[in-house]
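> quick one, fold the following:
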Amino acid sequence: MPDCPAVTHVFFDLDHTLWDFDRNAADTLRALHTAYDFGRWFPADAFVTTYTHINHQAWERFHRGLITQTELRGSRFADTFRALGADPARVPVGFGETFIAECSGRAATLPHAHTVLAGLMRRGYRLHIVTNGFRDSQHRKLAASGLAGFFGEVVTTDCAGCAKPDPRIFHHALERTGATPAASWMVGDSLAADARGALAAGWAAGVWFNPAREARPATEPVTHDIADLRELLKLL
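Residues are numbered from 1 along each chain as shown. Alright, predicted model coming up:
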């Protein structure tokens, strides 16, 4: 194991890094498609594919500060229905909240998440979450997936009052945990929000979790680029 004596705190993003958002969302969407008889208007696979695309776009806008939490949560299904050629007025009242409640109770995690977190804890690292998700759903995800016990602090967008890559959420995380920038690593699937954001806030390392092995410019200021969470056990 490499000698990393200065590192004491490792912060993780949650969705797409530890908790398998795409799988859990797809399973939930298919179940709700059946329960609400959406097959009258569009097939289940199209519902999943279209929502996934629209949701990713909405989160990008949220990360850039272009829409609010309310707008993010309120527009995704209306936009999905519209894109599928269905009347957005047909979205059932409260459907967005139903989806969040159902989805956040699902347990699928990314490969090796539990093993890696347990290994880091055994080595004495203090683990935390910094997520652009919201407190209610993120805590349900952690509990349902069995991940909650690994983490000391869970820093969410609504508790910090800002979202990654805003440096303020990283400073807030340090205040909550008592960590220092030089002792902190950030691990997440978003190059801009996680890796670049942490480095811009002065943290020791920004680790891009990149299972798709996407190419990045050689000048991109990322400390490490990993395709498998187990690589963290070689780095720390």
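
> all helices for this structure, in order.
Assigned by DSSP state H, the helices in the chain fall at 21-35, 44-63, 69-83, 95-104, 113-122, 135-145, 157-160, 167-177, 197-200, 232-235.

> nearest to Ala218, out of those helices?
helix 197-200 (15.6 Å; C-beta to C-beta). Yep, even glycine has a C-beta here, placed from its N, CA and C like the rest.

> if you count neighbours, what's buried in the closest one?
Buried positions in helix 197-200, judged by neighbour count with 16 or more other C-beta atoms under 10 Å: Gly197, Ala198, Leu199.

> so what does that helix touch, helix or strand wise?
helix 167-177, strand 184-188, strand 205-209 (3 or more C-beta pairs under 8 Å, 6 or more residues apart in numbering; DSSP states H and E).

> what's the most buried one of those?
Highest mean neighbour count among these (mean count of other C-beta atoms under 10 Å): strand 184-188, with a mean of 27.

> what residues does that one touch?
7-13, 17, 130, 164, 170, 173-174, 194-195, 197-198, 203-209, 223, 232, 236 (C-beta atoms under 8 Å, 6 or more residues apart in numbering).

> same check, this time on stretch 54-69
The set of residues external to stretch 54-69 that reach it, using C-beta under 8 Å, 6+ apart, is 25, 72, 75-76, 79-80, 83, 132, 134, 157-158, 163-165, 190, 192-193.

> any of those residues buried? List them.
Neighbour-count burial (16+ other C-beta under 10 Å) applied to the contacts of stretch 54-69 gives 25, 72, 75-76, 79-80, 132, 134, 157, 163-165, 190, 192-193.

> farthest pair in those residues?
By the measure C-beta to C-beta, Thr80 and Pro165 form the most distant pair in those, at 26.8 Å.

> got JSON lines for the buried residues of helix 197-200, with pLDDT and distance to Pro92 too?
Below are these laid out as JSON lines (pLDDT from 0 to 100; distance: C-beta to C-beta, whole Å):
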{"residue": "Gly197", "pLDDT": "95", "distance to Pro92": "36"}
{"residue": "Ala198", "pLDDT": "97", "distance to Pro92": "39"}
{"residue": "Leu199", "pLDDT": "96", "distance to Pro92": "43"}
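
> need the CA coordinates for stretch 52-59. PDB is fine.
Below are the C-alpha coordinates for stretch 52-59, written out as PDB (Å, rounded to 0.1, in the frame of the first residue of the first chain):
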ATOM      1  CA  THR A  52     -32.700   8.900 -18.000                       C
ATOM      2  CA  HIS A  53     -31.500  11.300 -20.700                       C
ATOM      3  CA  ILE A  54     -33.800  14.200 -19.500                       C
ATOM      4  CA  ASN A  55     -32.800  13.600 -15.900                       C
ATOM      5  CA  HIS A  56     -29.100  13.800 -16.700                       C
ATOM      6  CA  GLN A  57     -29.600  17.000 -18.600                       C
ATOM      7  CA  ALA A  58     -31.600  18.400 -15.600                       C
ATOM      8  CA  TRP A  59     -28.800  17.600 -13.200                       C
END
